[in-house]
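[1] Give me a model of this one.
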Amino acid sequence: MPAASSRFAGLDGLRGVAALVVAVHHALLTVPAFAAPYYGRPVEGRLVELITLTPVHLLWAGTEAVYLFFVLSGFVLAKSAQSPRFDWFRYVPSRLVRLYLPVAAAVVFAAVTIALVPRTEPQASPWLEARPDAYGPTSVISDLFLVSGVSRVVSPFWSLQWEIIFSLLLAAFVAVAVKLRPWIVVVVSITLSTVGAVAPHPALQYLPMFAIGVALAQLRPEQSKAVGAFRGIVLPLALLVAALLATVSHWLLLGRVPDEWLIPIAHPLALLGVTTLVVLAAWWPPLSRFLAWRPLAWLGLISFSLYLVHEPIVIAMAFFTENSYAPLLIGVPLALLVAWGFFHLVERPVHGFARRIKNGEPLTRPSKRSELQRTS
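    Numbering: from 1, shown residues only. Below you'll find the model as predicted:
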């Protein structure tokens, strides 16, 4: 998940919020009642119904948050490709380093966490029961390579498979997008993704989401400025509310429309919702300023680290304690703390290394002694 430029600082905050939503999502899935609807089981209890089948689901809409990640990645990478300094030959290795090295560290972290807190006790949550209880060599190798599929021991890795594939195909996505009007690419992408969701066909479902972001990156300045030129706050605020509701339309429509119509209706609405959120976060100043607020900017800074490390922590908390809400109340704050450390120890150094590759700079920084020798 690449960082946005300072011109689009609000997008970093949006990514940070989405990463926190994913962490809350997995924490709640450790609770049997909240996991049940994700496995086709009925929603039981007033509290579960309130948190699951109303707009409150926005607080833990993990699947939709990943859709947002995909659109953001398409947008930010396509924007970076527009820079005169962009070099396609250096981009590929720098991008692979940027993604693979933190993932490798996250694999080690997950293996250590599972060894310290074994996943051996039976669990009532169907989501926990579906999680593998060991991290064997085959699973580790799958998660280290990503592109051929992942083990699901650390379930967030599934999205990185598509991040890697898209990153390698970025040139093709951009080549198509620059020849078509952005709205055409968006409509076609939403349509193809919906077909993929109904089929189901993962590549057809997920790769078009990146194309939406690539299309948004092609908007001309006068087109994007139109969003920031809204007079008053009523229209953009209405768009924001509509986008949020559309994003969780699957849960608002669950049980209210026939099952066979749920995905064909809700999936395109969700993509339209996250697309609108990205547009507003990028070009509507009030929302951009809010998302650039320091706590949200901090979340954006550690968002990739949080995404990589949170799940082993919340699952360990579920197995370590008998309190159903410990993964949420203790696990998520602990994941934020670990993510902060992971960012400083792993992600930031890797980011600097990848940036030097991208800019064609020396891969190792010269020592102070060598600098003095050159200047003497």
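
[2] So in the protein, which helix runs the longest?
    Ranked by number of residues, the top helix in the chain under DSSP state H is helix 88-116.

[3] What average pLDDT does whichever helix or strand comes after that helix get?
    Per DSSP states H and E, the first helix or strand lying C-terminal to helix 88-116 is helix 126-130. The pLDDT scores in helix 126-130 average 94.

[4] Go through helix 126-130 and list whatever outside residues touch any part of it.
    29-30, 32, 35-36, 38-39, 41, 119, 122-123, 152, 315, 318 (Cβ atoms under 8 Å, 6 or more residues apart in numbering). C-beta: built from backbone N, CA, C; applies to glycine.

[5] what about burial for those residues, which qualify?
    29, 30, 32, 35, 36, 38, 119, 123, 315, 318 (16 or more other Cβ atoms under 10 Å).

[6] tell me the two of those that are most distant?
    36 and 119 (19.9 Å; Cβ to Cβ).

[7] For the residue found closest to residue 324 once you drop the neighbours it is linked to in the chain, give me its contacts.
    Nearest-residue entry for residue 324: residue 31, 5.1 Å, with adjacent residues in sequence omitted and distances by Cβ to Cβ, 6 or more residues apart in numbering. Residue 31 makes contact with 125, 324, 325, 327 under the criterion Cβ under 8 Å, 6+ apart.

[8] Highest neighbour count among those?
    Taking other Cβ atoms under 10 Å as the neighbour criterion, residue 327 ranks highest of the contacts of residue 31 with 32 neighbours.

[9] Quick one, grab the pLDDT at that one.
    Listed pLDDT for residue 327 reads 97.

[10] ok, so what distance separates it from residue 110?
    From residue 327 across to residue 110, the span is 15 Å (Cβ to Cβ, to the nearest Å).

[11] Identify the residue with the minimum pLDDT among the contacts of helix 126-130.
    residue 122 (78).

[12] Break down the stretch 1-150 of the chain into its helices, ranges please.
    Ranges of helices within the stretch 1-150 of the chain are 9-29, 32-35, 46-52, 62-80, 88-116, 126-130, 137-145, based on DSSP state H, counting those that start in this stretch.

[13] Quick one: closest of those helices to residue 275.
    Among the helices of the stretch 1-150 of the chain, helix 62-80 sits nearest to residue 275 (Cβ to Cβ), with 6.1 Å.

[14] Give me the angle between that closest one and helix 9-29.
    160 degrees (axes from the mean of the first three to the mean of the last three Cα atoms, to 10 degrees).

[15] since we're on residue 226, how many residues are nearby?
    So residue 226, with other Cβ under 10 Å, has 12 neighbours.

[16] do the same with residue 70
    The local packing of residue 70 (other Cβ under 10 Å) involves 25 other residues.

[17] Quick check, residue 195 in contact with residue 204.
    Yes: here residue 195 reaches residue 204: they are 6.2 Å apart, a contact under Cβ atoms under 8 Å.

[18] follow-up on the earlier one: how about TSV for the contacts of helix 126-130, with distance to residue 96 added?
    Conversion of these to TSV gives the following (distance: Cβ to Cβ, whole Å):
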residue	distance to residue 96
29	31
30	33
32	39
35	34
36	39
38	32
39	35
41	40
119	31
122	40
123	36
152	22
315	28
318	33
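
[19] and those residues, which two are the farthest apart?
    The widest separation within the contacts of helix 126-130 (Cβ to Cβ) is 21.7 Å, between 41 and 119.

[20] one step back: from the buried ones among the contacts of helix 126-130, pick the one nearest residue 215.
    Closest to residue 215, out of all of the buried ones among the contacts of helix 126-130 and judged by Cβ to Cβ, is residue 38, at 30.3 Å.

[21] my read: the closest one touches residue 30, true?
    No: in this structure residue 38 lies outside contact range of residue 30 using Cβ under 8 Å: 11.9 Å.

[22] Mind jotting down where the helices sit in the stretch 151-300 of the chain?
    157-177, 182-198, 202-216, 221-228, 234-247, 249-253, 259-283, 285-291, 294-301.

[23] Residue 81 is nearest to which of the ones you listed?
    helix 157-177 (5.6 Å).
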